[in-house]
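Engineer: Sequence first, then the predicted structure, then my questions.
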Number of protein chains: 2
Amino acid sequence: MGKNVRMERRERADAARNRQAILRAAEELLRRHPPEQVSVERVAAAAGVGKGTVFHRFGSRTGLMLELMSERARELEQAFTEGPPPLGPGADPAGRLLAFFAALAELAARNGNLMSAIEHAMVTSKSHGEQSRESNPIYLSWHRHVSGLIAEGRPDVDAEQIAHMLLGTLHMEPIASRLRAGEHERLAAAFADLVNGLLRGGDG
Amino acid sequence: MGKNVRMERRERADAARNRQAILRAAEELLRRHPPEQVSVERVAAAAGVGKGTVFHRFGSRTGLMLELMSERARELEQAFTEGPPPLGPGADPAGRLLAFFAALAELAARNGNLMSAIEHAMVTSKSHGEQSRESNPIYLSWHRHVSGLIAEGRPDVDAEQIAHMLLGTLHMEPIASRLRAGEHERLAAAFADLVNGLLRGGDG
DNA sequence: CCCTAAACTGAACCATTGGTCCAGTTAATA
DNA sequence: TATTAACTGGACCAATGGTTCAGTTTAGGG
């Protein structure tokens, strides 16, 4: 048992290729069809692999969607974590929140059906292992960020709750459809009104 | 074709009985189980009727849930439409909004899984005829009410959009679960902070 | 009081879908 | 090149929303 050490066998080349194919296929399908029409089977077919492969690599439909989302979210996360102001540290809480929501709205708009797809996946999923939205690392990180900034600017309110409310917005169908139509600036403006009201006591 | 006039044949007695049985059964099941475990078949069984009957009367799973919701919402609707202030006409917009959201939070809390059930039904549904949330008369009426009040108090903001955002809150899982746990006052407080910030330029 | 049309009922049936299984294939390593 | 663990994919499964339709029941007219 000497040389049987952890060698972090990296992902096999064919597996990596298929992972990409699946991800890209899902992406493409989501761009053209509403989430409920993008079944795992269709994704597999479009990627040229079997359904079993998709489940092997992503665990579940939800896992696939989440992975897709992660790809997109990583950049934003880094920007508000360690990038320059107003997104990153340095600006005042209200300013950072405004910047964050503007970025979020744009992200959501660029990714069309993805938000709804995740929502759909979660509800649809025969979720055995509990995988609520709250345990999604991306959501978690966004929530921590928003709720922290709110608390900083207004220590007297229930920041956690309000953060959930503001973030929840993105999952609403009426909002999502406007987003799909490219109206992310409208959403950003609405966010701004709410945030300004909350943190700056009135209009900006 | 003389006496063949509309006679509004009223619902047959047995049908009416079964409708009630189905509604009550669904209600009961939703009180005890998460929405995704309350299948149409289970509801039918619990009501002592066949599945076909349920579909005959309610059209779809969504239709059933919506009907259930309507029952509960009627009272609230009347209260804010023609009842006494602060819910009804007479109070200032901010006051009415606060009262409305407090009532809504309580309604949602009292009805446990119902909100999520509707959400679930909509996503789950093999929706042939388009029945988005926006076409749901209850949602429509709430949205009109909220958006009207916001516009009244703050003519400079995008009231429609903000109304969607505030109402959307109720469908968020993290919020819904707190609601189920009876924390509707916490939600109401958060609403209050947002509404006050928006309409009253700061804390209340 | 009975007769008939229309409404109602419910069980079998259907299609779709997320997910599981596992025998066969293949890429990496020694 | 031999070994082996990972990978692959198609058959298979269970659950579910929804449809169908032959048989039953009700309401009301004659």
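Structural biologist: Structure received.

Engineer: Could you pick out the longest helix of chain A?
Structural biologist: helix A:61-82 (DSSP state H).

Engineer: check whether that helix contacts DNA strand C.
Structural biologist: Yes. For helix A:61-82, a contact with DNA strand C is found by Cβ under 7 Å from any atom of the strand, at A:61-62. Quick note: C-beta positions are derived from backbone N, CA and C, even for glycine.

Engineer: And the next helix or strand past that helix?
Structural biologist: Using DSSP states H and E, the helix or strand that follows helix A:61-82 in sequence is helix A:93-110.

Engineer: Which other helices and strands does the helix or strand following that following helix contact?
Structural biologist: Downstream of helix A:93-110, the next assigned helix or strand under DSSP H and E is helix A:114-124. Contact analysis of helix A:114-124 by 3 or more Cβ pairs under 8 Å, 6 or more residues apart in numbering or on different chains; DSSP states H and E lists helix A:61-82, helix A:173-180, helix B:114-124 as its packing neighbours.

Engineer: Helix B:114-124 and helix A:114-124, what's the angle between them?
Structural biologist: For helix A:114-124 against helix B:114-124, the angle by axes from the mean of the first three to the mean of the last three Cα atoms, to 10 degrees is 110 degrees.

Engineer: helix or strand right after helix A:114-124?
Structural biologist: That would be, after helix A:114-124 and using DSSP H and E, helix A:137-153.

Engineer: which residues touch the spatially most central residue of chain A?
Structural biologist: By Cα atoms, centre = their mean, the mean C-alpha position of chain A lies nearest to A:Met69, the distance being 4.8 Å. For A:Met69, the contact set (Cβ atoms under 8 Å, 6 or more residues apart in numbering or on different chains) comprises A:111, A:114, A:118, A:138.

Engineer: export the residues you listed to CSV and tack on pLDDT, distance to A:Ala102 and neighbour count?
Structural biologist: CSV is the format used below for these (pLDDT from 0 to 100; distance: Cβ to Cβ, whole Å; neighbours: other Cβ atoms under 10 Å in any protein chain shown):
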residue, pLDDT, distance to A:Ala102, neighbour count
A:Asn111, 81, 15, 21
A:Leu114, 81, 18, 21
A:Ile118, 83, 21, 24
A:Ile138, 87, 18, 17
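
Engineer: For chain A, what lies in contact range of DNA strand D?
Structural biologist: So chain A meets DNA strand D at A:9, A:11-12, A:14-15, A:17-18, A:48-53, A:56-57 (Cβ under 7 Å from any atom of the strand).

Engineer: First-to-last residue distance for stretch A:42-59?
Structural biologist: 16 Å (Cα to Cα, to the nearest Å).

Engineer: Now the closest residue to DNA strand D within chain A. Nearest residue, chain neighbours left out?
Structural biologist: Nearest to DNA strand D, among the residues of chain A, is A:Gly50, at 1.6 Å (Cβ to the nearest atom of the strand). Distances taken as Cβ to Cβ, 6 or more residues apart in numbering or on different chains put A:Ala44 closest to A:Gly50, at 6.0 Å, once the chain neighbours are dropped.
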